[in-house]
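Chemist: got a predicted structure here, sequence first:
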Amino acid sequence: MEQSLWGHLPLLLRSSKDSVEYILQTLWRTRKTGLDRSDWDMIRDMLQLQNESDLDPLLVCLRILIRRCVYENVKRDEIQRLFPDEVSPELQRLLTLLLQKFQREWREDVIKDQGGLPRLKTMTWDMANPEAEYVDPVAVINLKLVNDSQTRVKETEVKFELANDTLETMLNSMYCIRDQFSNVGEASNDHLSQDANV
């Protein structure tokens with residue numbers, strides 16, 4: 001089905017770059033609600049479409065491109081790879097330029113829509129049933145998380161148990177995270193020292 005959708009993209013060549021930009025921005029603005037009739041009519045008029053049935057597949061195709069560009073972590077220089085060969089180079093260039101133009105802004109909108117992730121405020125732990133002889137030891141972990149990206153600061157408390165085997169799994173994951181942080185820090189330090197040598 002997606003293959004047949006690409007065939008509707010050349011309809012964009014009937015209008016100016018500014019019109020295509022307006023269409024993409026309108027599709028992004030209405031990503032949650034869908035187009036209302038006035039937006040739909042305006043886009044149809046911009047593209048000078050006589051046959052109304054041509055517009056919906058074009059809009060679906062553009063929404064697919066926008067979603068891939070924003071949600072699939074496509075890098076700016078990889079956007080052009082989203083298009084199959086059947087899309088003309090002229091159209092690929094136009095859409096690539098416009099998608100690159102708005103990609104950062106749209107990604108920021110997505111982050112705002114999601115709200116921020118909570119961060120760790122405190123962590124405490126205690127051993128559960130330390131006197132029990134026949135029970136495997138279990139630690140009870142208590143995390144306090146705070147989400148200060150919302151209008152009101154919200155605290156959440158999470159409690160969970162860790163047995164020895166799950167503790168080992170968790171520690172291994174934490175070591176991997178620590179190593180990733182170290183690698184990122186080393187890479188940025190290398191980059192800074194290279195900049196200083198220039």
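Modeler: Yep, that arrived. Numbers count the residues shown, from 1 in each chain.

Chemist: which non-adjacent residue is nearest the residue nearest in space to the middle of the chain?
Modeler: The structure's the chain has its C-alpha centroid closest to Tyr71; by CA atoms, centre = their mean the separation is 3.8 Å. Closest residue to Tyr71 apart from its sequence neighbours, by CB to CB, 6 or more residues apart in numbering: Val110 at 7.1 Å. Placement of C-beta: from N, CA and C, glycine included.

Chemist: likewise Gln48?
Modeler: Arg14 (5.3 Å).

Chemist: now Asn147
Modeler: Nearest residue to Asn147 in three dimensions, chain neighbours excluded: Pro118, at 4.1 Å (CB to CB, 6+ apart).

Chemist: tell me where this structure has helices.
Modeler: Remark: helices assigned in the chain by DSSP state H are 2-6, 17-29, 37-46, 55-71, 89-114, 164-197.

Chemist: which among these is found nearest to Thr156?
Modeler: helix 89-114 (16.0 Å; CB to CB).

Chemist: show me what counts as buried in the closest one.
Modeler: Leu91, Gln92, Leu94, Leu95, Thr96, Leu98, Leu99, Phe102, Gln103, Trp106 (16 or more other CB atoms under 10 Å).

Chemist: if I pick the fourth one, what's in contact with it?
Modeler: This points to Leu95. By CB atoms under 8 Å, 6 or more residues apart in numbering, the contact list for Leu95 reads Leu9, Leu12, Val20, Leu65, Phe83.

Chemist: where does it land on pLDDT?
Modeler: At Leu95, the pLDDT value in this model is 96.

Chemist: quick check: it vs Glu78, distance?
Modeler: From Leu95 across to Glu78, the span is 13 Å (CB to CB, to the nearest Å).

Chemist: and Asp18, by the same measure?
Modeler: From Asp18 to Glu78 the distance is 25 Å (CB to CB).

Chemist: more neighbours: which of the two?
Modeler: For Asp18 versus Glu78, the count of surrounding residues by other CB atoms under 10 Å is larger for Glu78: 12 against 9.

Chemist: include distance to Leu171 when you put the contacts of Leu95 into TSV, please.
Modeler: Shown next, in TSV, are the contacts of Leu95 (distance: CB to CB, whole Å):
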residue	distance to Leu171
Leu9	51
Leu12	54
Val20	52
Leu65	43
Phe83	45
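
Chemist: relative to Ala139, which of those residues is nearest.
Modeler: For the contacts of Leu95, the nearest to Ala139 is Leu65 (48.7 Å; CB to CB).

Chemist: pretty sure Asp113 is one of the things the residue nearest to the centre of the chain touches, is it not?
Modeler: No: if you go by CB atoms under 8 Å, Tyr71 and Asp113 don't touch, sitting 11.4 Å apart.

Chemist: can you give me the pLDDT of the nearest residue to Ser4 once chain neighbours are set aside?
Modeler: Spatial nearest neighbour of Ser4, excluding adjacent residues (CB to CB, 6+ apart): Pro57 at 7.5 Å. Note for Pro57: predicted pLDDT of 93.
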